[in-house]
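1. here is a sequence with its predicted model. Questions after.
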Amino acid sequence: MIEKFKKMLFSENGMRIVNVLFFLSLCLRSRIVVICTFSIWTAFLLYSRKRTESGMMKIFYLLLIILALVVVAANLYSFIH
């Protein structure tokens, strides 16, 4: 099941999946949905960073990964407390 999800996420429809999750996180306003969305986006960004050749894009992806991890950490912290 995880392999099937990975294959679907890293296909050409992967960004559509991430966009739908962002839309759901805006509509549902749940910390769990936000954590899931940003975690999946982080995985997508890590995969994209690994596959790109451009140094500038690697830096840009790294900055987006840091942003996503900060959002996940903030939501986890507020979810626990």
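-> That came through, no problem.

2. how much space separates residue 33 from residue 47?
-> Distance, residue 33 to residue 47, using CB to CB, to the nearest Å: 21 Å. C-betas here are computed from N, CA, C, even on glycine.

3. and what of residue 9?
-> 8 Å.

4. find the residue at the geometric middle of this structure.
-> In the chain, the centroid-proximal residue (CA atoms, centre = their mean) is residue 41; its distance is 1.0 Å.

5. tell me the contacts of it?
-> Residue 41 sits next to 18, 21-22, 68 when contact means CB atoms under 8 Å, 6 or more residues apart in numbering.

6. name the member of those residues with the most neighbours.
-> Among the contacts of residue 41, the one with the most neighbours (other CB atoms under 10 Å) is residue 68, at 20 neighbours.

7. that one against residue 45, yeah?
-> Yes. Using CB atoms under 8 Å, residue 68 is in contact with residue 45, at 6.8 Å.

8. helices of this protein, residue ranges please.
-> Ranges of helices within the chain are 2-9, 14-28, 31-51, 55-80, based on DSSP state H.

9. what is the first one packed up against?
-> Think helix 2-9. helix 14-28, helix 31-51 (3 or more CB pairs under 8 Å, 6 or more residues apart in numbering; DSSP states H and E).

10. buried residues in that helix?
-> residue 9 (16 or more other CB atoms under 10 Å).

11. pLDDT of that helix, averaged?
-> Taken as a whole, helix 2-9 carries a mean pLDDT of 75.

12. and what of the second one?
-> Model confidence over helix 14-28 averages 84 on the pLDDT scale.

13. what does the third one give?
-> Throughout helix 31-51, pLDDT has a mean value of 90.

14. any idea how far that helix is from the middle of the chain?
-> 2 Å (CA atoms, centre = their mean, to the nearest Å).
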